[in-house]
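> Got a sequence here, can you model it:
(8 chains, ligands or ions: 10)
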Amino acid sequence: MQTINSTALVQQYFRPKLPTIWCPGCAHGIVTKALVHAVRELDLDPKKTVLVSGIGCSSRATGYLDFGTVHTTHGRALAFATGIKLARPELTVIVISGDGDASAIGGNHLIHASRRNIDLTLVVYQNGTYGMTGGQYAPTTRTGQITTTSVGGHVERPFDLCTLAQAAGATYVARSTAYHFDMLSRLIVKGVRHKGFSFVEAISSCPTYAGRMNGMETGAEALTYMREHAVPYDGTGSVAQGKFPIGILHESQAPEWLEVYQQQVIGR
Amino acid sequence: MQTINSTALVQQYFRPKLPTIWCPGCAHGIVTKALVHAVRELDLDPKKTVLVSGIGCSSRATGYLDFGTVHTTHGRALAFATGIKLARPELTVIVISGDGDASAIGGNHLIHASRRNIDLTLVVYQNGTYGMTGGQYAPTTRTGQITTTSVGGHVERPFDLCTLAQAAGATYVARSTAYHFDMLSRLIVKGVRHKGFSFVEAISSCPTYAGRMNGMETGAEALTYMREHAVPYDGTGSVAQGKFPIGILHESQAPEWLEVYQQQVIGR
Amino acid sequence: MSTSAKDDGRDVRQEQVLDLPEIAINRKWCKGCGICIAVCPQDVYTADRDGKPVIAQPDLCIWCERCDMYCPDFAINLAGKKLW
Amino acid sequence: MSTSAKDDGRDVRQEQVLDLPEIAINRKWCKGCGICIAVCPQDVYTADRDGKPVIAQPDLCIWCERCDMYCPDFAINLAGKKLW
Amino acid sequence: MSLTAPPRRKLLQGNEACVEAALAVGCRFYAGYPITPSSEIAELMSRRLPQAGGIYIQMEDEISSIAAIIGGSLSGAKPLTATSGPGFSLMQENLGYAALAEIPLVIVNVQRVGPSTGMATLPAQGDVMQARWGTHGDHPVVVLSPSTVGEYYSLTVEAFNIAEELRVPVVILSDEVVAHMREIVDLPDPDEIKLSRRPQPAVPPEQYKPYATTSDNLVPPMAAFGDGYLFHVTGLYHGEDGFPTNDPKTASQSIRRLHEKLDRAADRLMLTDELLMDDADVVVIAYGSSARAAASAVQSAREQGVKAGLLKLKCLWPFPAAKVAEVAQRAHRILVPEMNLGQLVGEVERAAAGRAPVQLLTKVGGELFVPEEILKALLEV
Amino acid sequence: MSLTAPPRRKLLQGNEACVEAALAVGCRFYAGYPITPSSEIAELMSRRLPQAGGIYIQMEDEISSIAAIIGGSLSGAKPLTATSGPGFSLMQENLGYAALAEIPLVIVNVQRVGPSTGMATLPAQGDVMQARWGTHGDHPVVVLSPSTVGEYYSLTVEAFNIAEELRVPVVILSDEVVAHMREIVDLPDPDEIKLSRRPQPAVPPEQYKPYATTSDNLVPPMAAFGDGYLFHVTGLYHGEDGFPTNDPKTASQSIRRLHEKLDRAADRLMLTDELLMDDADVVVIAYGSSARAAASAVQSAREQGVKAGLLKLKCLWPFPAAKVAEVAQRAHRILVPEMNLGQLVGEVERAAAGRAPVQLLTKVGGELFVPEEILKALLEV
Amino acid sequence: MRREVRLAGTGGQGLILAGIVLAEAAGLYDGKQVVQSQVYGPESRGGASRADVIVSDRAIDYPKATTPEALVVMSAEAYAKFGKQVKPDGVLLYDSELVQVAAGPAQTFGLPLTRVARDEVGRAITANMIALGALVELTGIVSKEALEAAAARRAPKGTVDINLSAIRKGYALAGAAREVVV
Amino acid sequence: MRREVRLAGTGGQGLILAGIVLAEAAGLYDGKQVVQSQVYGPESRGGASRADVIVSDRAIDYPKATTPEALVVMSAEAYAKFGKQVKPDGVLLYDSELVQVAAGPAQTFGLPLTRVARDEVGRAITANMIALGALVELTGIVSKEALEAAAARRAPKGTVDINLSAIRKGYALAGAAREVVV
Ligand SMILES: Cc1ncc(C[n+]2csc(CCOP(=O)(O)OP(=O)(O)O)c2C)c(N)n1
Ligand SMILES: Cc1ncc(C[n+]2csc(CCOP(=O)(O)OP(=O)(O)O)c2C)c(N)n1
Ligand code: SF4
Ligand code: SF4
Ligand code: SF4
Ligand code: SF4
Ligand code: SF4
Ligand code: SF4
Ligand SMILES: [Mg+2]
Ligand SMILES: [Mg+2]
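Ligands and ions are numbered 1, 2, ... in the order given. I've put the predicted structure just below:
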C-alpha cells in the first residue's frame, strides 16, 4: 500500500463537492477514504467503474466520488447494481450501503445477492444505527444500546452481518473497521478482485447519535472503541464477549452468475 | 403420537371446505396433515390459536383450517403474525408459508423474525418452486433443475433455509419432509413449545411443475425422493452430495422479544 | 403392545379391538394421485380408471398407516382400535 | 528502507526526500472533530477555538500518517517523500 | 412567577400532537420504520407507548410495518404507523389488503417533496392522489389533512374513530410544516374524547360471518382473534363468510358494498371549514398547510374589497363533491392552491363541471405558499 | 397440404405478442418476478432472450425487479419487466425514481381484479388511476393500453420507443383477457420496425451534464455507464449536473421540465382510434378490453339507427383532454364503460366540463362487458 | 359471420392445443379473423380444461364465446358445466365412452374418440385431433385443407402422419354419425 | 398584531429551546397565539440552527417568519445567512464576541452573551437565556413574567435559578445597551 496522501486521492477520484455533509468526526469519511485508497491500489478506471449506493448518510458517499455513480432508493442499491452489472458485464460495480440500508429495508437483496454470486462488491458502512433519520435503532444495534427509539436500552439482538451473508451464500466475507484502515482497504481490494459476490463490513461510527447517546461523543472515541473491540480473525470466529473478529472471515469458490449464464444459457 | 385418523383430524380441525385446490399428489396436503397432527398433540385451543399464511399454493392451507386464520399478502405472513402476536401475546401463532413466500419476496421478514425472536412458529412448505404461478425457479431451486423459467437447467445456487434462519438468529431450526411425517409433526410440536422464534422447513413437492419437469411425475415419486435424500442430522450437518440433513439442526436459548419488552421497557 | 394394556388412559376392552382397520375412502376428495397405492407395502389397493384406490386385498393390510398418513387429500381413514 | 533504493520504479534521488512531511490543513473542509489531535502520538497539534488543528510542534512529527489517514474530511495532507 | 398556564394548554409540535391524540384515543400498538419528516412520531411513540402499557416495534421496512399493524388490528388493537412518501409508496400493496379486508387502522403520511427521495426535509402536498389511488384495484380509503397543530390532534382522534366505526384504513396526510411546527393546543379532557370501537358481533361464534352486515351503515361486526370467534381473513375476494370466491356476483357485491359503505357515511366524512363563504364570489378551496396562506389571503382580499371566501377541506377523500358543486353554483370563480402540480384540482374541476371556472395555483420545490401569491390571484379579474 | 401461411402471420397469445415485440424493438434485458396473469411474459423471455444474447433474471420480488431494470437502463439496455397489480403496487417507489431520474424502461402490468390479491385469474381495469398516481409526489408517466393482441404487439414497440425518445418510464396496462387470448398478428418486417434510441450526448465527457437539455423536446441526452461519461444519478431533486439540490428554484424548474416534456410530446402521445365518430351523437370512450365490447355495441346501435361512435384510447396517460373536450363539444352524450368502479371517467368528466353529460358504466367482479350492456346504454334516451 | 366453438374436458387431453390448431387453421390458412381463449386459474391445474375459438370474416370485437354453435366435451364434468350453453340448433360432440349426454335442443354426436385414438390410431393422445376432424366435418368452421395444414404445423416432429390420420378418422366418424342422425 | 422573531446560531447553543421557551411564554402565559418553527435537514446536524417564533393576538395563518422584527444571531454563519432579513427598523441582537456586524437599517445590539454566561452566570450554555432576556427587554414581545414562568417550566431540575438569573442579566445588558443606542 502506498501512503495515503489525501490530497492526491481527492484530486484523482473526488468531485469538487467537498466538504461532505457528514457530521464532524463521523467515520463514514474514513471508510470512504479506505475505499478510494483501495480503488487506487486496484487502479480501477473510473470510466469502467460504477459505484452504487442506497439512502442514508453513508450512501451519500457516491455523490462525492468521480465515477459512474448512482444514489438509488433506500435499501435497493444491490438490486440496481445487479441490473447495471448484468446489462454491462465489463463494468466493475461496487456498492456502498449503510447497515440500515443493507440489512433493514435492504436485507432481502443482501441475502439474494449473496446467494446469486454476481460479481459485485458490497461495502457496508456499519454504525449500528440509522444516522440519517436521527439515530433510531437498527438491526445492527447492540442489545442494551440507547437510541432515539430505545431510550431505555435496546431489547433486540443484532445481526452478525458477516455470518448472515455467509449463510446466504456469499463467497467472500470480510470485516474491518475505520480504525483498521489499511486492513479495510486491503480487504476491499481483495473483495473487488474476488470473482463473485463480495461482502465487506466496515465498522463505522455515528458520533452525533449512537456516539452521543452511549457515552462516545467524539469521533476519536469511536476509533478507540474499534481498536479495543476488534480482534483478528483466528479461523474460528470465537471471540471474547463484546469483541468482534476482523479479517477475511470466509472465502470460497462458486460459479459466478454471469459466467454460468453466458456459458450454459446463452451458449446453449 | 397417536394414530393419524384423518377423519377425526378433519372433523376436529378442518372447515367443511375439502377437497383442497391442490393438485393430485401434491405433498402440501401431507404437510398440512402433519401440522394439524401436531396441533392435536399440543392440544391447542383453536380459539387461542391463529394460523397465518402468505400467498402460494401452500399458503392456501389456512383457508381449510378451523382456527383464527389469515391469508395475507405474498411474502408478508411473518410481518402480519408479528402484529397479531404482539397485540395479543396469549395467542399461539403459527405461520404457514411457501419457500417462495418465505424466502423470495418474504426473505427479509424471515431473517428479521429470526433475529427478533418473537414467539412464533414458522412452517415452510418447501417444494423448490413457485407452484402457484406455474413452476418458475425459486431461491430454493437446485442448480441444474428444470423449471418454466430455466428450461435448460437453473444456474443459481439455492438457499439452505435452515442455515440462513440460524445465521439470522433463529433459536429453533428444524427440517423434515412430508415423507418423514411423524418426525415432521414432532418437530412442529417442539417448535411451538419452544419459546421464541421457531423455524421448521418441511420438504414438500410440486408434482405438477417441479415434478413433471424433472422426471418425477407423481406424488409418490416425490416421497421416494425425500426418503432417499434425507439423512438424520448427526450434529455436524455434513452430508453426502445431494443429501440433506433432517432433524433439529439448531436449538438455543435467547430472550423472547415480548418477555424482554414487557420486563425492561414497559416495566421500567 | 399387549391387548390388555391400557391405552390413552381408557380401558381398551370397552372399544372394539380389531386386527384389521376399517378402510374408508372418500372418493369425492380423492384425486386419484396414486400415492396410497404406491406406498402400501401390501398391495392392498389397486387403481380404478381414474387412478383412485380400490380396496382389493383388505386382508393383507398390516395397518401400517401409510395410506392414511400420506394421502394428501384426507381421503383415506383407517378406523378401529389397533390390536397391538 | 534505504534512501538509495528505488521506490515505485523511479529514482528516488530525483525527488525531494524529507524527514518531515509538509502538513497541509484545509481549514475549509475541516469540521473541527478533533480526531487528528487525538490520534497524533506526538502531540503535534493543538486545537483552536473551533476545535480545528493548529500545527504546534511540527518537529515532533514522526510521519506516522495517522492524522492523514483518520481525518474523515480529507482536510489533512502529508506531502513529501518519506526518508525511510 | 405567579403566572400559571391553563392545565391542558400545551405548546406541541405537530407530530407530537398526533402522538398525544393517538394515545388519548386508545392507540396501544405502533409498528413503523423511521423516515424524515415523520420520525418524531416513532421516537415519541417508543417512549410514550410503554408508559401506557402499549407496544412499539420498529420493523424492517414499511411493508412489514403496515403488515404488523394490520395484524395488530386483527388482534383487537387500534394501531398506528407513520411514514412519508417513499414509505407510503411501499405500503400501498398492504393498504389495499386493509381496504378489502376492512381492517381499521391509521397511517400518517407526513408529506415531503417527491417523487422518490425528492427533498426529504421540505414540505409538499404531492401525495394527495396517491392516497386515493396508490394501490391497484378499486378500493375505499379515507384521507384527512390537518393544517394546524390543533387539527393534527383532532383529526388524529377522528382518524381512529372513523377507522373503527367504518372498518376502513384512514390516512392522515400531514406535511413537513405542520409536522414540525409548534403551536398551542388545548387538549380535550380525556372524558370528552369520543372513543369509537369497531362494531362487535352480536351473534355467538357458530353463527358469526365476518363480512355479513345487517346494519344500515354496511359495516360488518368485527371480532378479534382470541375472542372465541373463528374466522378467515383474506386479500382474495370473499363472501360474507370470509372465504375466497371467484363468483362474479358475490365479488361485485362485496366490492360495491365497500364503496357504498363510505357513500353512506358521506355526512360523517364531510369535514370542512368555511371562512367568509356566505357571500363569497371568489372561493379558494384549499387544504393542509396551503389553507393557512389561503386564509390569510382571503382576509386581505376582503380588506381590499374582493368578496373572497375559503372552503377548507379537512377530509380530502371521499371528496366532498356535492359541497364543491354547490360552491361552484354560487361562486364566480374558484381558486385551488396546491403544493403540487395540480392534484385535487382535478376533483374540483370535475365537481364544478363547468359551473364556475377553476384556477389552479401551483407551488413546488419545497416552499410554502406565501399569502401574497394567493392574494394576487384573488385580486385578478 | 398445399396451403402455406403468410410468412409473418402468426397466431399469438397476447403476452407472447408482447415478448416478440420487445425482442423486435431491441429489449435484451428482463428482470421480473412471476405473477398471474403476466407469468407467460417471464417464461417466454427466459427462453427467447438468451437466444438473442440477452439476459433474463428472476429477482427476489418486484421491488428489486424494477430496480434491476433501472440499473440495466443505466448501463444502456432497453429493459422490460412484467407484473400484475400486487407487484405493480410494490414497484411504485422505484417507478417514481425512474420518473425523476428520467430512466427509459417499460413495465407491463397485466391487470387482474384488485385490490390486494383480489381475483388473480380474472380481468379488470382497476389500475388505471394507480398507473398515473401510484407513487408519491408529482411525476410524469406514460401509460398505454392495448385491446387486441395486435395492439399488444404494436403498443409494446411504441412503449419502448416512447421510453427511449422521452426518457420516461412507460407502463403497458393490459389485462387478463388480452394477455391470454390468441389472435392473428401480422408481424412487421424487422426492417420496418422503428427503433428509437435515447438521445446521446453530443459533448465530450468533461462537458456532459446529464440533465442539461438544449433541444425543444426537453429531453436531456443520456450516456450509459461504461461509455466514458462520468455522472451521478439520484432520486433526490437535482440540477442539470445531476447533483442533489435543495434550492427551491432549481427544484421547481426541474420537476416542471419533466412534466413539460410530456406536454410537448402531446401529439406523439395522442394514440386514439375512432370508429364512426364523424357524425356521432352518442360517443363511447373506452380502452382496453372494454373497447372491444364497445365497438360491437356501437355497430349494433348504428344498425338500430342510433348515431353512435367510439373513441378508443390507446394512450391513457397523458390523458387526451383536448380531444375529449372536442368530442364533448359535438356529442350529445358520452358513455364511459370501465371494468372498474369509475376511474378514467373522472378525467373524461373533467375534460367534458359540463359540455356533454358523461355516463359511467361499471363492470366489476372479474367479468368482461358484453356488447349488449353497452348497447342498452347507447339506446337509452 | 361470427362463429364460436368450444372444446372442453380435463387437463392432459390436449384440448388447448386443439383449439390453437383450429384457430391457426382459420387464421393462417383460411384467412379468417380468429380469437382463441382458454380458462386460467387454480382450476386449470389437472382439473377442467377449456378452449374457445371464435372465427369470423370481420374483426372480432367481443373476444369471449357466449353461445358456441358447437361444443366438444370430453369429460362428464365438462358436459355438466357447459352442456347447456351450446346453441339450440348447435352441435354437441362428445366422447361416448367418457360422457353420458341427456337429450337437449342441440344435435348430439357421441363418438368413441378416445377408444378410436387408442385402438385404431394407436395413441390415446390423438383423441383431440379426431375430435377436431369430426368437428370440422360437422360444422365446416374451417376448411379441411386448412385444418390439416395447421395440424401438420403444430405436430411434434415425426407425428405429422399420425395426427393427420387421426383427423381423417374424425371426418369419417362424424360423417357416419351424421348420416345416422339425419 | 403579528410579530416575528428569529434566533439563529449553531447547534448546541440551545436556540431551539430558547424558541420554545419564548413560544410558551406567549402561548401559555400571555394567552397569545403562537407558532414556533425551526429548520430540519442534513444541515441541522452540528451545523446551523434556527428557531422562529411568531406571536399574534389572532389566529396565525401563515406559519413561517418572513421578515422578523428581531433577530438574534450567535454565529457568523447565521449572521451571513439571515442578517439582511431583519425588518429595516427591527432589532439585530448579536453575540459581540462571536459575530461581527456591518451597519444596516436595523438597530444593532452587540452583547457579550456567551462571555457573560460563562463568566458571570457561571455556565456558558445559559447564553441562550441571556439572549432571551435581552430580546424581551428590547421588544416586549412577551411579558417578563411570562418569560420567566416559561423558562422555569422548561429548566431542567435544579437549574431554575441559574436560568432566571441569566434572563435577568439579559434584561440588564439590553437595558444598558439601549441607552447607549438611543
Ligand atoms: C423507503 C424509505 N424508508 C425510510 C427512509 C428513511 N431513511 C433514510 S436513510 C435511513 C436509514 C439510514 O441508515 P443507514 O443505512 O444505516 O445509514 P447511516 O445514515 O447510518 O449511514 C432511513 C430509515 C427512506 N429514505 N426511504
Ligand atoms: C406481490 C406479489 N408478487 C407475486 C405474486 C404471485 N405469486 C403468487 S404465489 C407465488 C409464489 C408461490 O410460491 P411458494 O410460496 O413457494 O408457494 P407454492 O405455490 O410453491 O406452494 C407468486 C410469485 C403475488 N401474489 N404477489
Ligand atoms: S448522523 Fe451519524 S452517521 Fe450521519 S453523518 Fe452524522 S455522525 Fe455520521
Ligand atoms: S401447482 Fe404444485 S405446489 Fe401447487 S398445488 Fe399443484 S402440485 Fe402443489
Ligand atoms: S395401512 Fe398400510 S398396509 Fe394397510 S392399506 Fe394402508 S398402506 Fe396398505
Ligand atoms: S392417496 Fe388419497 S388422493 Fe391419492 S389416490 Fe389415494 S386416496 Fe386418492
Ligand atoms: S503524521 Fe503522525 S505524528 Fe505526524 S502529525 Fe500526523 S499523526 Fe502526528
Ligand atoms: S481530523 Fe480533520 S476534520 Fe477533524 S479536526 Fe482534524 S483536520 Fe479537522
Ligand atoms: Mg447506519
Ligand atoms: Mg414453493
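> Please make it C-alpha for all contacts and neighbour counts, starting now.
OK.
> From the rest of the structure, what touches the top helix by length along chain A?
Determined from DSSP state H, the single longest helix within chain A is helix A:28-42. With contact meaning CA atoms under 8 Å, 6 or more residues apart in numbering or on different chains, helix A:28-42 is reached by A:1, A:4, A:6, A:9, A:13, A:22, A:57-58, A:61, A:125, A:177-178, A:181-182, A:184-186, A:188-189, A:202, A:204-205, D:69-74.
> Repeat that for stretch G:173-182.
Taking CA under 8 Å, 6+ apart as the rule, stretch G:173-182 contacts G:109, G:111, G:134-135, G:137-138.
> Please pick the buried ones from the residues you listed.
G:109, G:111, G:134-135, G:137-138 (16 or more other CA atoms under 10 Å in any protein chain shown).
> Among those residues, name the ones in strands.
G:109, G:111 (DSSP state E).
> Save the buried ones among the contacts of stretch G:173-182 as CSV, and put in pLDDT and distance to H:Tyr94 too.
Formatted as CSV, those follow (pLDDT from 0 to 100; distance: CA to CA, whole Å):
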residue, pLDDT, distance to H:Tyr94
G:Phe109, 95, 103
G:Leu111, 96, 103
G:Ala134, 97, 100
G:Leu135, 97, 97
G:Glu137, 97, 102
G:Leu138, 96, 101
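> and which of the buried ones among the contacts of stretch G:173-182 is nearest to H:Gly14?
Comparing these against H:Gly14 with CA to CA places G:Leu135 closest, at 89.2 Å.
> ok, that closest one to G:Ala8 distance?
Going from G:Leu135 to G:Ala8 by CA to CA, to the nearest Å gives 13 Å.
> give me the number of residues near A:Gln241?
If you count neighbours by other CA atoms under 10 Å in any protein chain shown, A:Gln241 ends up with 7.
> List the residues that contact it.
With CA under 8 Å, 6+ apart, A:Gln241 has no contacts at all.
> Against H:Glu145, how distant is it?
56 Å.
> hmm, who's touching the helix or strand where E:Ala251 lies?
Using DSSP states H and E, E:Ala251 sits within helix E:248-264. Helix E:248-264 is touched from outside by E:100, E:138-140, E:166, E:217-219, E:237-239, E:245, E:318, F:364-367, with contacts defined as CA under 8 Å, 6+ apart.
> Helices - which of these land there?
Those of these lying in helices (DSSP H): E:100, E:166.
> in the chain, which spans are strands?
This is for chain A. Under DSSP E, chain A gives strands at A:49-53, A:68-71, A:92-98, A:121-126, A:129-130, A:136-137, A:172-177, A:198-203, A:230-232, A:244-251.
> oops, I was thinking of chain G
Using DSSP E, strands in chain G cover G:3-10, G:33-38, G:48-56, G:70-73, G:91-95, G:107-111.
> For the second one, which strands pair with it and how are they oriented?
On the basis of DSSP bridges, the sheet neighbours of strand G:33-38 come out as strand F:182-186 (antiparallel), strand G:48-56 (antiparallel).
> Can you lay out the ones you listed as JSON lines showing distance to B:Leu110 and mean neighbour count?
As requested, the strands paired with strand G:33-38 are exported to JSON lines (distance: least, CA to CA, whole Å; neighbours: other CA atoms under 10 Å in any protein chain shown):
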{"stretch": "strand F:182-186", "distance to B:Leu110": "40", "mean neighbour count": "25"}
{"stretch": "strand G:48-56", "distance to B:Leu110": "36", "mean neighbour count": "24"}
